[in-house]
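Enquirer: make a model of this:
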Amino acid sequence: MSTNVARVLVCLEEVGAEYEVVPVDMTTGEHKSPAHDARNPFGQVPVFQDGDLILYESRAISKYILRKGGSDLLRESNLAESAMVDVWLKVESGHFSSTMSPIIFQCLVVPFLGGETDTKIVQENLEKLKTALGVYEARLSRFKYLAGDFVSLADISHFPAAYYLLGGSHTSVLDAYPHVKAWLAEVMDRPSVKKVVELMKLPSA
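Expert: Numbering: from 1, shown residues only. Okay, the predicted model is just below:
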């Protein structure tokens with residue numbers, strides 16, 4: 001269910017890599033264990049291992065996977081295009097996923113743990129999200145995708161948080177941004193995304 005894990009998985013699917021998912025039980029604090037700390041000193045997921053190489057931070061892992069798999073989703077053959085991919089990947093991190101994270105936590109994780117959603121936190125972050133979506137709408141009214149008229153990691157990196165937005169009680173926020181809504185629908189329709197979405201669903205879903 002982790003958005004950061006999902007980001008890595010979709011890149012593995014994009015390049016057709018064989019991989020194994022090793023669960024980490026965060027409810028028991030396994031992510032803070034000495035064994036996991038040796039892999040990621042920040043005690044977070046995901047951790048990615050390829051032979052002797054161990055990486056953490058999902059966007060760095062994603063770039064490694066796409067480079068190794070020879071994917072064009074980074075557009076590294078074109079300096080200007082790859083720079084725009086980097087720009088919008090940073091925007092995704094700082095303006096989309098960063099506002100969605102507290103919404104996801106308050107609306108899904110807190111109730112799951114038996115707590116009450118803090119509606120003030122949700123509303124504050126929804127307002128930040130709307131501000132960001134306004135910028136996205138302007139961009140997507142000029143280009144088919146975020147970095148230009150080509151799909152890239154900057155687009156598919158949005159899907160994990162977008163999955164929870166589209167399936168949650170605040171999905172109507174997108175109605176005011178038709179270009180964003182159409183773009184997200186296309187991102188969610190990618191075969192790689194569809195496969196990872198199935199892994200993200202709760203058993204009862």
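
Enquirer: how near is the residue most central in space within the chain to S101?
Expert: What sits nearest the mean C-alpha location of the chain, by CA atoms, centre = their mean, is P160, with 3.9 Å. For P160, the distance to S101 equals 10 Å [CB to CB, to the nearest Å]. Every C-beta, even on glycine, is put in place using the N, C-alpha and C of the backbone.

Enquirer: what is in contact with those two at once?
Expert: Common neighbours of P160 and S101, using CB atoms under 8 Å, 6 or more residues apart in numbering, are T3.

Enquirer: elements contacting the lengthiest helix in the chain?
Expert: Assignment by DSSP state H gives helix 119-140 as the longest helix of the chain. Helix 119-140 sits against helix 98-104, helix 178-188, with contacts defined as 3 or more CB pairs under 8 Å, 6 or more residues apart in numbering; DSSP states H and E.

Enquirer: which residue lies farthest from the center of the protein?
Expert: P34 (27.1 Å).

Enquirer: what sits against it?
Expert: Counting by CB under 8 Å, 6+ apart, there are no residues that P34 touches.

Enquirer: buried deepest among the helices and strands packed on helix 119-140, which one?
Expert: helix 98-104 (a mean of 20; mean count of other CB atoms under 10 Å).

Enquirer: and that one, what other elements does it pack with?
Expert: Checked by 3+ CB pairs under 8 Å, 6+ apart, helix 98-104 has helix 3-14, helix 119-140, helix 159-166 packed alongside it.

Enquirer: contacts for the first one?
Expert: Right, the one you point to is helix 3-14. 19, 21, 44-46, 48, 58-59, 61-62, 65-66, 69, 71, 73, 97, 100-101, 104, 153, 156-157, 159-161, 163-164, 191-193, 195-196, 199-200.

Enquirer: do stretch 45-62 as well
Expert: For stretch 45-62, using CB under 8 Å, 6+ apart, the contacting residues are 2, 4-5, 7-8, 11, 24, 26, 31, 36, 39-40, 42, 44, 64-65, 68, 89, 93, 153, 157.

Enquirer: okay, now the unreliable bits of the chain?
Expert: 202-205 (pLDDT under 70).

Enquirer: domain map for it?
Expert: Domain ranges of the chain: 3-72+196-201, 79-191, per the TED database.

Enquirer: and the one helix or strand A154 maps to, how far from the chain's centre?
Expert: Assigned by DSSP states H and E, A154 belongs to helix 153-156. Distance of helix 153-156 from its chain centroid, counting by CA atoms, centre = their mean, to the nearest Å, is 9 Å.

Enquirer: who does that helix touch, helix- and strand-wise?
Expert: helix 3-14, helix 58-68, helix 79-91, helix 178-188.
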